[in-house]
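# using only what follows, build the 3D model:
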Amino acid sequence: MSKSNCEAMKEDGREISRLLESPADTGLLQIIYTRRPDAYESYMRESGEPRVFALKQEGRIVLTCAELIREVYLGGEVKRAAYVCGLKRDPKRPGAAMVPVELVRALKRPDIDFYYGAAVATNKESAEQFEKPRKHVTFDRFASYTTYVINPKVRTKAIANSYRFRKADKEDTEAVLRFLNREGRKRDLFPVIRSFNDYYNLHIEDFYLLEDEDEIKACAAVWNVSSYKQYTLIRLKGIMKLVRLLNPLLSALGYVKLPKENEPLNFPVLAFFLSKDENGDCYKILFHKIKEEIKKRYPLFIVGLPDHHVIASLMKKLPKVTFRSNLYELSFLGGRGPRPTVDAGTIFTESALL
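I've put the predicted structure just below:
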């Protein structure tokens, strides 16, 4: 595909980074999502086909976003989906359109079956921008998911079982790929995984397996993506300033300690967290065992789950910090033919890929 006239270039990376770092107001915690040290290079490390856009006025970038094109499962079939993210407008140019027609033209491609994006539900400004009526593109909310920030030292109940829990090695590569794609095919928006080499800094040795004899019953990867995209707490508000004084007590109660301001958080994502046939006990057993491994190296980890997930009820009972996000389908004026339908009851939201 040829490049559009608003696609970014490598030298735009640092200016795009500055635009991305406008803060997200999530209540009493003010957090920024960053792609340091260079946003362009960060996007280029994403799996699939990344495209980065930068609209300029008088030589200055006034709006940016990215389109991450990946093969995913939709209705059990392989489709091409574009995740549209990092949509940011220069706050010094408030009059600029949030989704100008030239960006719409750049995003649209005949080989993409489904477009979607996400916005933190408590970020009212972002949600309003997504849901605002537009002439050339609409954003239709189709599902929600919750990101859980968890202290790996939190206590969970061990379930008696005869499964074997172990770390994967190179000899497990093909078996894990088969498992992920077989189970992932049952979940809408799960990525088609052909090789772990397609995912930056993800290795087969990052996976943990729950097995019954030689059969994989569940698996998950402990994947650290903080080398190219980060979260940074920049400000505590209200009572949270006092709460941080109680960090030792928070940890004793199983909560994540409040981090220092302006230091990127170093944590892994519990990624590709799947159980055969959505077996709830296997999820709980794997989660209990894998957090024991995580706590050896990290003070926290995150896992993102859709509302319907079989262990969402367990997560809600744990001490945690949560961020709720909405997923939106993007529809363009004059789009071609019928689009695939996403089943909100089966979606898989991989936090490490958002």
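
# buried set for stretch 154-166?
Using 16 or more other Cβ atoms under 10 Å as the burial criterion, the residues of stretch 154-166 that qualify are 154, 156, 161, 163, 165. Bear in mind the C-beta positions are built from the backbone N, C-alpha and C, glycine included.

# whoops, stretch 280-293 was the one
Of the residues in stretch 280-293, those buried (16+ other Cβ under 10 Å) are 282-291.

# now render those as a markdown table, adding distance to Glu49.
What follows is the buried residues of stretch 280-293, written out as a markdown table (distance: Cβ to Cβ, whole Å):
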| residue | distance to Glu49 |
| --- | --- |
| Cys282 | 34 |
| Tyr283 | 32 |
| Lys284 | 36 |
| Ile285 | 37 |
| Leu286 | 32 |
| Phe287 | 33 |
| His288 | 37 |
| Lys289 | 36 |
| Ile290 | 31 |
| Lys291 | 34 |
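
# just those now: which is nearest Leu333?
Leu333 has its nearest neighbour among the buried residues of stretch 280-293 in Tyr283, at 41.6 Å by Cβ to Cβ.

# now do the same contact list for the closest one.
218, 273, 275, 310-311 (Cβ atoms under 8 Å, 6 or more residues apart in numbering).

# redo that, cut-off 7 Å
Shown in contact with Tyr283 (Cβ atoms under 7 Å, 6 or more residues apart in numbering): 218, 275, 310-311.

# distance to Val256, pLDDT and secondary structure for the buried residues of stretch 280-293 - can I get that in a markdown table?
As requested, the buried residues of stretch 280-293 are exported to a markdown table (distance: Cβ to Cβ, whole Å; pLDDT from 0 to 100; DSSP: H, G, I helix; E, B strand; the rest coil):
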| residue | distance to Val256 | pLDDT | secondary structure |
| --- | --- | --- | --- |
| Cys282 | 26 | 97 | helix |
| Tyr283 | 21 | 97 | helix |
| Lys284 | 20 | 96 | helix |
| Ile285 | 23 | 97 | helix |
| Leu286 | 21 | 98 | helix |
| Phe287 | 16 | 97 | helix |
| His288 | 18 | 96 | helix |
| Lys289 | 20 | 97 | helix |
| Ile290 | 17 | 98 | helix |
| Lys291 | 12 | 96 | helix |
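
# and the furthest pair within the buried residues of stretch 154-166?
Longest span within the buried residues of stretch 154-166, Cβ to Cβ: Val154 and Tyr163, 21.3 Å.

# so Ile112 sits in a strand?
No - the assignment for Ile112, made by DSSP: H, G, I helix; E, B strand; the rest coil, is coil rather than a strand.

# run a quick neighbour tally on it.
Counted with other Cβ atoms under 10 Å, the neighbours of Ile112 add up to 18.

# any idea how far Ala81 is from it?
7 Å (Cβ to Cβ, to the nearest Å).

# pLDDT at Val120, what is it?
Note on Val120: pLDDT of 83.

# repeat that for Val243.
Taking Val243 on its own, its pLDDT is 64.

# quick thing: my sequence starts at 43, can you match it?
I'll keep to 43 as the first residue from here, and by that count the last item is Val285.

# mind listing the helices for the stretch 293-396 of the chain?
With DSSP state H, counting those that start in this stretch as the definition, the stretch 293-396 of the chain shows helices at residue ranges 322-336, 354-359.

# quick one on the thing from earlier: and which of the buried residues of stretch 322-335 is nearest Leu295?
So of those, ranked by how close each gets to Leu295 (Cβ to Cβ), first place is Lys333, at 16.0 Å.

# which residue sits closest to the closest one, ignoring its sequence neighbours?
Pro194 (4.4 Å; Cβ to Cβ, 6 or more residues apart in numbering).

# how near is that neighbour to Phe314?
18 Å.

# neighbour count: those two, which is higher?
Neighbours per residue (other Cβ under 10 Å) separate Pro194 from Phe314, with Phe314 holding more: 26 against 22.

# for the residue lying closest to that one once chain neighbours are set aside, which residues make a bridge with it?
Ranked by Cβ to Cβ, 6+ apart and with sequence neighbours excluded, the top spatial neighbour of Phe314 is Ala263, at 5.2 Å. Ala263 has these beta-bridge partners by DSSP bridges: Phe249, Ala313.
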